[in-house]
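Novice: Predicted structure and sequence below. I'll ask about it afterward.
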There are 2 protein chains.
Amino acid sequence: MSQKLFVSAQEVAEKAGVSRSAVSRTFTSGASVSPKTRQKVLDAAEALGYHVNHLARGLMRNESGIVCLIVSELGTPYRSALTRALTQQLQNTGKIAMLINTDRSDGSVDLALTQAIRYRADASIILSGLPDKSITDLCLKNGQRLVLINRDDDREGPLKINLDDEDAAARIATAFVRAGCRKLAFANSQTGTPSLMARERGFVAAAGALGIDVIVERFGPTGYESGRVVAQQLLTRKERPDAVFCATDLLACGFMDAARHQFSMSVPDQICVAGFDDIEQASWSSYGLTTFAQPVDMIAREAVSWLVGDAVRPENHSVRLHADLVWRTSIRGG
Amino acid sequence: MSQKLFVSAQEVAEKAGVSRSAVSRTFTSGASVSPKTRQKVLDAAEALGYHVNHLARGLMRNESGIVCLIVSELGTPYRSALTRALTQQLQNTGKIAMLINTDRSDGSVDLALTQAIRYRADASIILSGLPDKSITDLCLKNGQRLVLINRDDDREGPLKINLDDEDAAARIATAFVRAGCRKLAFANSQTGTPSLMARERGFVAAAGALGIDVIVERFGPTGYESGRVVAQQLLTRKERPDAVFCATDLLACGFMDAARHQFSMSVPDQICVAGFDDIEQASWSSYGLTTFAQPVDMIAREAVSWLVGDAVRPENHSVRLHADLVWRTSIRGG
DNA sequence: ATGCCGCTTGCACGCAATTGCAAAATTATG
DNA sequence: CATAATTTTGCAATTGCGTGCAAGCGGCAT
């Protein structure tokens, strides 16, 4: 009574008075069915509430249609925006997203990928963390495609999508100098993820080329609170910086709030601030943060089109996308 | 050569020198296997990189382990926080989340549920929109469980999780009055979702009971920009309100920013503001928004524990959770 | 009428697992 | 040591579906 099973192709076949294969062919694009049996099947299916079992189909075709999204800190603006774009793109191409949370703990990503393998996901997209080589090898060996977003890794096989972090950092350094700033600082988290470190490297190097030393301060995870703490550290020095590049917008928001409300400083008059990601909050008028836009839609498009493509893909495929500078009011001039 | 298939239980059985059932039993908790065959199987599995095929398992057991999350506007702080909590809870209980984006378009949710049926999801959790009755009936008939979060619907079968929106709205009305406000306003979006309308109703009713008329203004979707527009509408009246309850925090942030930066008003001295959701940004020092906290973790726990429970569930199960008032600085006094 | 061609259709097998049942192997008991 | 009791184990059936193969069917030219 309660656990009534789903309708199967068999039942549809009986009701339509055809063979089960006819039902199967009706729902398989490119199969040979005459228009009239096709219609009989569709009517019967509609009447019974039949829907193809994608578990069984996946079993046969050896292609589940599932793509695994591996994410940490989904509650964060940038991560959720990217996740949204990815699931949307996947849906548009007939795939479906499986979502797995990870945390900082060791092996968390490996566990997620194991789940992806169990469900025979066609591919996995990794937005956070970096899996063990043995696991990625297993994925690849089984024909599962892998996409690494913003994780600068040099192993072969996966598609790697990155931004021009270093170049962007250099651009903002010159922007600061052009605005008359001379005491530059970089605010980072302590997570040390590849893209954050690339921004730091690029900023320090570009400033160095202009003859300026950069004060680098790192603290905690990549969030608003850390931005406040770093502000505390930078603004209690005897020589305050007059421009700060924050590794992410969340850090920048925290920094600006502390600078304004705790140290009564004016942005951009006394200190210029820039961020990275272009989260929605960056455009809110309390911040007006000048920042670099992550091209989330383009990232999603690149990832998904590569996943579904049967084009022979080069062994070491890597995409580098450009981050546009979005100019707002947190830097003087412009 | 490329599409090397996954390792099957058959191959593991051969390598371990046992039958395929022994392999199956090794990976089925509660099955009877002797310690030594079990070990032989585990060794062989490890060596070959074998992982149980959950598609096939789901087929046999008639239980896929998949739970469908149906969400719109995932990029939004509240939605992403709730989604995160849900996927985490699901993982903790051995289930896995499938994520489907919906938009405002007709039948978008129905399409999502169809996908859920195709993949034989054990359950679906709907965070946005409301599906057609014919579809939910189909889900329920097939033994798929349904959870509706913040969608006040009266159909039988699904679990409904709601907050005490009306009561919360009444509490904030008295708080405004206690702070000395007399000209109350309510800022809403035009989406007219049940919980938003409940907040509006509750606020208007409670104010009415205190002898106060409420100016209600509605605009657009539920986001920051709409908050700004509503501010425009409310603050250009000849009699400005001195307290505004915004249906969500995003609206409240937009409202506060417009009030401060566009109308040069001081919050809370000239106007008090309250929101709903307690998104992370509400606690940022630029806002310090007094708001009601959505108990996302508790919502997730309730939903998931009901999904996995075999307890006979009453036909019309409904949970009403309490939204705590988080007092910050956007209302005078306290 | 016969032969040929092309499109449909059904049969039967295979995909990767779980599980009831009975035989075999192990252990406990008299 | 024989017998009973208790696991363990393998066989075979089952889940829902896709697909190669051969048979069936209709149309057309000879």
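Specialist: Okay, I see it. Residues are numbered from 1 along each chain as shown, chains lettered A, B, ... in the order given.
Novice: what's the lowest-mean-pLDDT helix or strand in chain A packed up against?
Specialist: Least confident helix or strand, chain A: helix A:133-141 with a mean of 88, by mean pLDDT, DSSP states H and E. With contacts defined as 3 or more CB pairs under 8 Å, 6 or more residues apart in numbering or on different chains; DSSP states H and E, helix A:133-141 has these neighbours: helix A:108-118, strand A:145-149. Every C-beta, even on glycine, is put in place using the N, C-alpha and C of the backbone.
Novice: Other residues contacting the longest one?
Specialist: With CB atoms under 8 Å, 6 or more residues apart in numbering or on different chains as the contact definition, helix A:108-118 has outside contacts at A:68, A:70, A:72, A:98, A:100, A:102, A:124, A:126, A:128-132, A:135-136, A:138-139, A:142, A:144, B:6, B:51-54, B:96.
Novice: now do 6 Å
Specialist: For helix A:108-118, the surrounding residues in contact (CB atoms under 6 Å, 6 or more residues apart in numbering or on different chains) are A:Cys68, A:Ile70, A:Ile100, A:Thr102, A:Ser124, A:Gly129, A:Pro131, A:Asp132, A:Ile135, B:His51, B:His54.
Novice: DNA strand D: which of these is nearest?
Specialist: B:His54 (12.4 Å; CB to the nearest atom of the strand).
Novice: so who does that closest one touch?
Specialist: Taking CB under 6 Å, 6+ apart, we find B:His54 in contact with A:Arg118, A:Tyr119.
Novice: related to what we said a few turns ago, tell me which of the helices and strands packed on helix A:133-141 sits most buried.
Specialist: Counting by mean count of other CB atoms under 10 Å in any protein chain shown, strand A:145-149 has the highest mean neighbour count of the helices and strands packed on helix A:133-141, with a mean of 24.
Novice: Report how many residues lie close to A:Gly275.
Specialist: Residues contacting A:Gly275 under the criterion other CB atoms under 10 Å in any protein chain shown number 31.
Novice: Can you say which helix or strand has it in it?
Specialist: Assigned by DSSP states H and E, A:Gly275 falls within strand A:272-277.
Novice: Contacts for the helix or strand following that strand, please.
Specialist: Moving toward the C-terminus from strand A:272-277, the next helix or strand (DSSP H and E) is strand A:290-293. Contacts with strand A:290-293, where a contact means CB under 6 Å, 6+ apart, come from A:168, A:249, A:274-276, A:278, A:282, A:323-328, A:330-331.
Novice: please redo it, this time with the cut-off set to 10 Å
Specialist: Applying CB atoms under 10 Å, 6 or more residues apart in numbering or on different chains, the external contacts of strand A:290-293 come out as A:163-165, A:168-169, A:171-172, A:175, A:179, A:199, A:245-246, A:248-249, A:252, A:268, A:272-279, A:282-283, A:322-331, A:334.
Novice: for the record, mean pLDDT for the helix or strand following it?
Specialist: Sequence-wise, the next helix or strand downstream of strand A:290-293 (DSSP H and E) is helix A:296-308. Taken as a whole, helix A:296-308 has a mean pLDDT of 95.
Novice: For A:Phe276, which residues are in contact?
Specialist: Going by CB under 10 Å, 6+ apart, A:Phe276 touches A:78, A:163, A:165, A:168-169, A:172, A:195-196, A:199, A:245-252, A:282, A:289, A:291-294, A:323.
Novice: Out of those, list just those in strands.
Specialist: Judged by DSSP state E, strands contain the following of those: A:Leu163, A:Phe245, A:Cys246, A:Thr291, A:Phe292, A:Ala293.
Novice: Just the buried ones from these, in ChimeraX syntax?
Specialist: Selecting only the buried entries of those in ChimeraX, with 16 or more other CB atoms under 10 Å in any protein chain shown as the criterion:
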select /A:163,245,246,291,292,293
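Novice: Write out the residues of the stretch 1-150 of chain A neighbouring DNA strand C.
Specialist: Residues of the stretch 1-150 of chain A found near DNA strand C (CB under 7 Å from any atom of the strand) are A:18-22, A:25, A:32-38, A:56, A:59-60, A:62.
Novice: sorry, back to before: the least confident helix or strand of chain A: which residues count as buried?
Specialist: Neighbour count says helix A:133-141 has A:Ile135, A:Thr136, A:Leu138, A:Cys139, A:Leu140 buried, by 16+ other CB under 10 Å.
Novice: and the host helix or strand of A:Val216, which residues are buried?
Specialist: Assigned by DSSP H and E, A:Val216 falls within strand A:215-218. Neighbour-count burial for strand A:215-218, counted by 16+ other CB under 10 Å, picks out A:Ile215, A:Glu217, A:Arg218.
Novice: That one pairs with which strands, and in what direction?
Specialist: strand A:184-188 (parallel) (DSSP bridges).
Novice: Quickly find the element holding the residue of the stretch 1-150 of chain A found nearest chain B.
Specialist: Chain B sits closest to A:Ser80 of the stretch 1-150 of chain A, with a gap of 3.5 Å, by CB to the nearest CB. Here A:Ser80 sits within helix A:77-92, counting by DSSP H and E.
Novice: Any idea how many residues pack against A:Ser128?
Specialist: Using other CB under 10 Å: A:Ser128 sits among 22 other residues.
Novice: wait, isn't it in contact with A:Arg104?
Specialist: Yes. The pair A:Ser128 / A:Arg104 is scored as a contact, 9.3 Å apart, by CB atoms under 10 Å.
Novice: residues shared between the contacts of the two?
Specialist: With CB under 10 Å, 6+ apart, A:Ser128 and A:Arg104 have common neighbours A:Ser72, A:Glu73, A:Thr191.
Novice: Which among those count as buried?
Specialist: Buried by 16+ other CB under 10 Å: A:Ser72, A:Glu73, out of the shared contacts of A:Ser128 and A:Arg104.
Novice: Which helix or which strand is home to the closest residue to A:Val273 other than its chain neighbours?
Specialist: In space, and not counting its chain neighbours, A:Val273 is closest to A:Ser330: 4.5 Å by CB to CB, 6 or more residues apart in numbering or on different chains. A:Ser330 is part of no helix or strand, with elements assigned from DSSP H and E.
Novice: ok, A:Ser330 - contacts?
Specialist: A:243-244, A:252, A:256, A:267-268, A:271-275, A:282, A:287-291 are the contacts of A:Ser330 under CB under 10 Å, 6+ apart.
Novice: One more pass at 6 Å, please.
Specialist: A:Ser330 is in contact with A:Val267, A:Pro268, A:Val273, A:Gly288, A:Leu289, A:Thr290, counting by CB under 6 Å, 6+ apart.
Novice: returning to that earlier point: would you mind putting the helices and strands packed on helix A:133-141 into a markdown table with mean pLDDT alongside?
Specialist: Converted to a markdown table, the helices and strands packed on helix A:133-141 look like this (pLDDT from 0 to 100):
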| stretch | mean pLDDT |
| --- | --- |
| helix A:108-118 | 94 |
| strand A:145-149 | 94 |
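Novice: These: which one's closest to B:Lys238?
Specialist: strand A:145-149 (52.5 Å; CB to CB).
Novice: Just the CA atoms of the closest one, as CSV, please.
Specialist: Provided in CSV are the C-alpha atoms of strand A:145-149 (Å, rounded to 0.1, in the frame of the first residue of the first chain):
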residue,chain,number,x,y,z
ARG,A,145,36.2,14.0,-16.4
LEU,A,146,37.5,16.4,-13.9
VAL,A,147,37.5,20.2,-13.7
LEU,A,148,39.5,22.2,-11.3
ILE,A,149,38.4,25.8,-10.8
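Novice: neighbouring contacts of that strand?
Specialist: A:Ala123, A:Ser124, A:Ile125, A:Ile126, A:Leu127, A:Cys139, A:Pro158, A:Leu159, A:Lys160, A:Ile161, A:Ala303, A:Leu307.
Novice: again with stretch A:64-77
Specialist: Contacts of stretch A:64-77 (CB under 6 Å, 6+ apart): A:58, A:79-80, A:83, A:90, A:95-100, A:102, A:112, A:116, A:119-128, A:279-280, B:80-81, B:84.
Novice: filter the residues you listed to the buried ones?
Specialist: Buried among the contacts of stretch A:64-77 by 16+ other CB under 10 Å: A:58, A:79-80, A:83, A:90, A:95-100, A:102, A:112, A:116, A:119-128, A:279-280, B:80-81, B:84.
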